[in-house]
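[1] Any chance you could fold what I've pasted below:
(chains A, B, C, D, E and F)
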4 protein chains.
Amino acid sequence: MAKEDKRNNIILAAMTLIAEQGFYGTSMSMIAEKAGVGIGTIYRYFENRDTLIRALYKEKEERLVAFLLENYPHGRPVRECFLHIGAGVIDYFIRNPLDFNYSEQFHNSPYGVEHRRNRIFAAADKPDIFSDIYERGAAQQVIRDLPPTVFFNLAFAPIVWTLRDHLLGFIHLDAALSQKLVESCWDSVKI
Amino acid sequence: MAKEDKRNNIILAAMTLIAEQGFYGTSMSMIAEKAGVGIGTIYRYFENRDTLIRALYKEKEERLVAFLLENYPHGRPVRECFLHIGAGVIDYFIRNPLDFNYSEQFHNSPYGVEHRRNRIFAAADKPDIFSDIYERGAAQQVIRDLPPTVFFNLAFAPIVWTLRDHLLGFIHLDAALSQKLVESCWDSVKI
Amino acid sequence: MAKEDKRNNIILAAMTLIAEQGFYGTSMSMIAEKAGVGIGTIYRYFENRDTLIRALYKEKEERLVAFLLENYPHGRPVRECFLHIGAGVIDYFIRNPLDFNYSEQFHNSPYGVEHRRNRIFAAADKPDIFSDIYERGAAQQVIRDLPPTVFFNLAFAPIVWTLRDHLLGFIHLDAALSQKLVESCWDSVKI
Amino acid sequence: MAKEDKRNNIILAAMTLIAEQGFYGTSMSMIAEKAGVGIGTIYRYFENRDTLIRALYKEKEERLVAFLLENYPHGRPVRECFLHIGAGVIDYFIRNPLDFNYSEQFHNSPYGVEHRRNRIFAAADKPDIFSDIYERGAAQQVIRDLPPTVFFNLAFAPIVWTLRDHLLGFIHLDAALSQKLVESCWDSVKI
DNA sequence: GATGAATGAGCGTTCATTCAT
DNA sequence: CATGAATGAACGCTCATTCAT
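    This is a model prediction of the structure:
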């Protein structure tokens, strides 16, 4: 097994198990077994459990951000950008359910709190899509006067919860419903 | 100590500890000590840890429902009922932060999934406030044509997320902001 | 098995194993197995490994001091007191070889350094036999002008090393040799 | 890097690390890193950890013996030879504290027992300074009638213990005190 | 010969659960 | 009934040793 394969196996095993069993139901030895490597091997790639968990999240977040930035309608009206992001998040997570479940576990844990201020796609050194929308929206007075945090919650909380329901099989989130959902979110923040 | 007292002490101790120390930072022996009973005694009242945790949640849920039903404006317009519930949830959890904490921990654990269908205040054998709003709203065509699940998410997900941010100290959710928030939620579901 | 028996079994098992295999050759599970108890049981009696190791030493030290104080010739000439202690140490450790080996392991470990200033039988809150001899000897000018530490080493180091050789079977330390040895030590510190 | 260099680097790295971090705080990978070689390489020169540790000790011992033999007053009176050795040991270890540390660690470990019979400078195939003193002293009846082991202990145990106290900072062993100490040791074995 | 990635037995410790009292 | 001492599987992690390159 090549070195890169090994690392990927570990990441995949960890993601799958954590998504399925939760953070506290997933032990290092379970990850090792599922990845087909020795326990000690994990520690060659990740300093410790915490590091592994954070590295997994970072990797997933970066992929999501990259996906959202593809075809991002830079400079187009705020509403269009908002709908692009909302639809993109839904699209991405429906196609990457493991990422979604992992992300949920991550945000609902001590790791999540320390990460919360940055939100899903804010990174200190990169232009930040979310801020782009919020700030342009505020400047153009097309969105309500709300703290960014609350704006963020109105924009994404229903999407996240609905994705969860979709992935658990409680509802079917097809293209039509997806569009309705994102537009509803927009209606909650637009003036 | 009477039998019912013992049970209540155990529930109160468990609730407090889990809200403060987290789900996995709370051991059975900590609960026993705080409740002033022997470890073995807990197992007379609850089959095992899982059972205790679920019983705790059930109790929380019942209290919240009872609170929301106080002064519920039965028969008044759907919008008024919606705003009553939204404001009530915020009010309740700001005044009972341990309950919020416990509830969050519960929902983000393997216990959460099995409970999700019932949602915050849906209980099979009781008249259900949420259904009242959804069904009357749909019948009167004042709310959008969305599955109840999605309606629920639009209505409450931003509130829950914002409560979390408030309790973590990221924002201050005062009366004015609370009102804005609930009205925004309404705007996302109203026609 | 009675509670006190269990604690004693653990102590005896730990002492024996550490004396035989050394500190780092003795694991908690080895101790548990030899003591005939579960691993977790050790932690009911001792907070952790360090505590166990220090508690063992404390107990042994107290027994030695008690033994040396039996028949201690209080107020008799310094030389007589010195010979009493020297002979007593030899006597005690020949009859309690486990204690000797454990003590050796203890003093040659990080635990030992923190304990060194107090020396074998100095305890802050008790009248201290060693200081009695050193101070009276210095006041009466029957012992040489040496720092107490060096005095201590001259007095006891040869005894300890010779005990070790005896217990390892390299020599036979009988009453006659014991007397010669202690007198030689005295000759190295007397004026 | 030449083969002999590699071996020396490994020995030096191991020595330094063990003296500084302790016997059990030094891993093979730390040694490899400090020596600038691969982990596997160590196993080309030393069968395993035990072998390495014993080889280290052998080297230390040889250096000390070589130092003590420089200027050894062959043929001079026993007392003079004794004082020369005592002062030499102190001198050497004060100037090579890592060696002292390593030696102490070695003697207080399972390795120590198997090595004890040979003592600090007894080697089966070399003329042995210690035996020179003991045998001439006995023949000339200037030292007491004691087994060589006990003679050795009286002669060196106080010195070793006092060196330890000096290196730990408990006392300051200057030239004057060093002289007093060695003379005291002599007084314990002379007739 | 030299390397270091890979291994897994073993470490100290925890804690849900049992059961003799 | 109530208790809490006892248990041991399981945890995250380390590190001496091996072996394919």
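
[2] For the closest residue to residue A:97 other than its chain neighbours, grab the count of nearby residues.
    In this structure, residue A:97 finds its nearest non-sequential neighbour in residue A:167, 5.1 Å apart by C-beta to C-beta, 6 or more residues apart in numbering or on different chains. Yep, even glycine has a C-beta here, placed from its N, CA and C like the rest. Residues within reach of residue A:167, counting by other C-beta atoms under 10 Å in any protein chain shown, total 18.

[3] do the same with residue A:92
    17.

[4] Spell out which helix or strand contains it, please.
    Taking DSSP states H and E as the definition, residue A:92 sits inside helix A:78-95.

[5] so, in contact with chain B or not, that helix?
    No: using C-beta under 8 Å from any C-beta of the partner chain, helix A:78-95 stays clear of chain B, coming no nearer than 11.9 Å.

[6] looking at chain A, which helix or strand is least sure?
    helix A:110-116 (a mean of 80; mean pLDDT, DSSP states H and E).

[7] what helices or strands is it leaning on?
    helix A:49-69, helix A:97-107 (3 or more C-beta pairs under 8 Å, 6 or more residues apart in numbering or on different chains; DSSP states H and E).

[8] Please list all residues in contact with residue A:108.
    Contact partners of residue A:108, counting by C-beta atoms under 8 Å, 6 or more residues apart in numbering or on different chains, are B:104-105, B:107-108.

[9] If you count neighbours, what's buried in the least confident helix or strand of chain A?
    Counting neighbours by 16 or more other C-beta atoms under 10 Å in any protein chain shown, one finds that the buried residues in helix A:110-116 are A:112, A:115.

[10] and if you look at stretch A:82-94?
    Residues of stretch A:82-94 classed as buried under the neighbour-count rule (16+ other C-beta under 10 Å) are A:82-90, A:92-93.

[11] helix, strand or coil for residue A:177?
    Per DSSP: H, G, I helix; E, B strand; the rest coil, the secondary structure class of residue A:177 is helix.

[12] Check the one 10 residues further on too.
    Recorded secondary structure, residue A:187: helix (three-state DSSP).

[13] rewinding a little: please work out which of the helices and strands packed on helix A:110-116 is packed deepest.
    Stretch with highest mean neighbour count among the helices and strands packed on helix A:110-116: helix A:97-107 (a mean of 20; mean count of other C-beta atoms under 10 Å in any protein chain shown).

[14] Now for the residue lying closest to residue A:104 once chain neighbours are set aside: which residues touch it?
    Distance criterion C-beta to C-beta, 6+ apart; nearest residue to residue A:104, sequence neighbours excluded, is residue A:164 at 6.7 Å. By C-beta under 8 Å, 6+ apart, the contact set of residue A:164 is A:100, A:104, B:116.

[15] my hunch is that residue A:164 is in a helix, does that hold up?
    Yes: under three-state DSSP, residue A:164 falls within a helix.

[16] follow-up on the earlier one: nearest to residue C:22, of the helices and strands packed on helix A:110-116?
    Residue C:22 lies closest, by C-beta to C-beta, to one member of these: helix A:49-69, at 31.5 Å.

[17] Show me what the closest one is packed up against.
    Helix A:49-69 sits against helix A:3-21, helix A:78-95, helix A:97-107, helix A:110-116, helix A:129-139, with contacts defined as 3+ C-beta pairs under 8 Å, 6+ apart.

[18] which residues sit against the first one?
    Residues lying outside helix A:3-21 but in contact with it, judged by C-beta under 8 Å, 6+ apart, are A:1, A:25-26, A:30-32, A:34-37, A:41-42, A:45-46, A:52-53, A:56, A:59-60, A:97-99, A:101-102, A:105, B:110.

[19] again, but for the second one
    Contact partners of helix A:78-95, identified using C-beta under 8 Å, 6+ apart, comprise A:64, A:67-68, A:71-73, A:99-100, A:103, A:120, A:129-130, A:132-133, A:136-137, A:140, A:142-143, A:155-156, A:159, A:163, A:166-167, A:173, A:178-179, A:181-183, A:185-186, A:189-190.
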